[in-house]
Each structure stands twice: as structure tokens, then as C-alpha cells.
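Colleague: Sequence and predicted structure are below.
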Amino acid sequence: MPHSFRLFRRFARFRALVAAALVLALGGCGDDDSFNPDSSTTPDAADQVAALDGSLNPVDAQPVASINYAGGIPIGTFAQPTSTFGGTFNGAMRNIYPQYLLRELAAIKGRGGKVALKLSFGDRYIKDAAGNFSLSKWKARVDLFKSVNFSSYIKDGTIIGHYLIDEPQDVANWNGRPIPQATLEEMAKHSKERWPDMVTIVRTWPDYLDNWDGNYRYLDAAWAQYAANRWPNAGAFLEENVSKARA
């Protein structure tokens with residue numbers, strides 16, 4: 001499904017245009033807990049334990065036959081398999097285990113694709129026993145990637161951005177407590193401390209982010225997700241969200 005989003009006004013015009021072109025129309029919808037963390041390979045139990053304790057060593061990306069990115073807005077789906085990049089689809093939203101990240105990014109780039117990454121994976125990994133959002137658990141999940149050097153894929157645009165979290169405003173997701181805007185900014189800061197050039201994205205509405213007296217220094221963009229069954233008039237949905245983002 002198409003997505004619209006807000007970029008905060010503090011960023012240079014060229015950066016806003018680039019991010020808009022990359023994030024606006026990623027296709028697909030669904031619960032991020034259902035994402036296959038790596039569409040090509042499902043790790044065995046030992047691999048999963050290693051991924052969780054952060055003991056994996058970085059791996060080198062293997063060269064692949066290259067296809068140039070076709071330009072324009074990436075089109076694709078959530079959890080899109082790497083093997084499907086390069087034809088109709090050249091964008092995706094993915095969870096990828098640390099030990100496979102460089103291999104998958106190399107393959108996606110080689111197929112002329114771009115990808116948004118959710119490094120924390122599904123919501124179940126970032127909640128406490130009561131179902132509340134846990135910032136410490138979120139940081140621990142993200143830090144599983146800190147030993148993997150994927151900065152070249154940020155710089156060359158293969159990585160669209162870091163999708164920090166999904167629907168922080170929805171109390172049904174977080175045991176009746178929305179995630180405060182200040183916490184979202186802290187999450188973005190944590191990401192920027194590790195990968196300063198990677199765009200930080202939260203899936204929420206512009207007016208939720210605006211309902212805060214603080215300043216966003218690290219959070220770059222909000223992602224407003226369109227669903228045809230909820231908003232039959234796509235043009236009105238787009239106009240409303242863009243208007244709120246510009247206000």
C-alpha cells in the first residue's frame with residue numbers, strides 16, 4: 001500500500017526531496033511480526049542464539065552482477081524476497097538478521113533495489129513482561145547490528161532508512177500506554193549515534209508527533225500508511241496528511 005510521511009523542516013531541501021522520493025510509495029501492508037527476517041534463509045537455533053547475544057562477527061558482502069537503480073520512487077512490498085528485486089519491484093521493507101545483512105544488501109543493490117530496515121524486528125522483542133514498550137530492549141535489539149559495517153549502503157542510497165517502530169500512538173499495541181514523543185526522539189538519537197547518516201523513520205501520524213513541546217533533532221520522518229478500506233478517497237488522505245505535515 002502507498003505511504004505518505006513527514007520530513008521535519010530542519011533538514012536541507014535536497015535531503016527532504018531524496019527521502020521523499022524513496023519512502024513515499026513503498027508498497028505493502030501487514031503486521032511486522034509476520035515479517036520473515038531473511039527471505040532467503042531461515043537461521044537454525046544456534047544462529048538465532050548468536051544473533052540475540054551479539055556474538056556474531058561481521059561478514060563481507062560478496063560481489064554480484066550489478067543492475068543500476070532505475071530511478072524514481074521504489075515500488076515493492078513488506079518482506080519482499082531479494083530474488084524478486086530488479087523487475088517490477090525495486091523497493092522493500094525488510095527485517096534481516098545481522099549475520100546475513102551485508103550479503104542481502106549486496107544482492108539487493110546488485111539487483112538495482114533499495115530497502116528500508118527495521119532493526120528491532122517485531123514488537124514482541126521490545127516489550128516487557130506486562131506488554132509495555134521497553135526502550136532498553138529496543139536498544140539492545142538495534143545494537144545487535146553495531147558490529148556490522150553497512151555504512152556504504154547508507155551512503156549509496158541502498159538503505160532508505162531505519163524504520164524505528166510501528167504505531168507508537170496505538171495504545172492497543174503497548175498495554176494501554178502510547179509511546180511518548182520524547183521516547184521516539186531518544187530512539188532516533190540512539191540510531192544516529194551508531195549510523196549518523198541513516199534516515200530515522202517512525203510509522204505514525206504527523207499530528208501525533210506535533211503534539212509535543214519538545215524539538216526533534218534526530219527523528220527525520222513520519223510514515224502515514226494508507227489503507228483503502230479505511231480511506232476510500234486516496235487523494236483526500238494524501239492532501240490531509242501533507243497539509244498537517246506542512247502546518
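Modeller: Received, thanks.
Colleague: buried set for the host helix or strand of Ala188?
Modeller: Taking DSSP states H and E as the definition, one finds Ala188 inside helix 181-194. For helix 181-194, burial by neighbour count (16 or more other CB atoms under 10 Å) applies to 181, 184-188, 190-192. To be clear about C-beta, it is placed using only N, CA and C from the backbone, and glycine gets the same treatment.
Colleague: Kindly report the same for stretch 79-91.
Modeller: Buried, per 16+ other CB under 10 Å, within stretch 79-91: 79-80, 82, 84-86, 89-91.
Colleague: Can you give the distance of that stretch from its chain's centre?
Modeller: 16 Å (CA atoms, centre = their mean, to the nearest Å).
Colleague: Distance across it, terminal residue to terminal residue?
Modeller: Stretch 79-91 has an end-to-end distance of 10 Å (CA to CA, to the nearest Å).
Colleague: could you pull out the helices for the protein?
Modeller: Along the chain, counting by DSSP state H, helices occupy 13-23, 45-53, 98-110, 135-142, 151-155, 181-194, 206-210, 234-246.
Colleague: mean confidence for the first one?
Modeller: Read that as helix 13-23. Averaged across helix 13-23, pLDDT comes to 33.
Colleague: just to revisit the earlier point, any idea which of the buried residues of helix 181-194 is the one closest to Tyr208?
Modeller: The closest of the buried residues of helix 181-194 to Tyr208 turns out to be Gln181 (CB to CB; 7.5 Å).
Colleague: can you pull the contacts of that closest one?
Modeller: With contact set as CB atoms under 8 Å, 6 or more residues apart in numbering, Gln181 has these partners: 208-209, 211-212, 214.
Colleague: Please repeat the previous calculation with a cut-off of 6 Å.
Modeller: Trp212 (CB atoms under 6 Å, 6 or more residues apart in numbering).
Colleague: Nearest to the middle of this structure, which residue? Look it up for me.
Modeller: Tyr163 (2.2 Å; CA atoms, centre = their mean).
Colleague: okay but that residue is in contact with Leu119, surely?
Modeller: No - using CB atoms under 6 Å, Tyr163 is not in contact with Leu119, being 8.3 Å away.
Colleague: Would you mind giving the buried residues of helix 181-194 as CSV with distance to Asp123 and pLDDT added?
Modeller: Below are the buried residues of helix 181-194 laid out as CSV (distance: CB to CB, whole Å; pLDDT from 0 to 100):
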residue, distance to Asp123, pLDDT
Gln181, 18, 98
Leu184, 15, 98
Glu185, 19, 98
Glu186, 18, 99
Met187, 14, 99
Ala188, 18, 98
His190, 17, 99
Ser191, 17, 99
Lys192, 22, 98
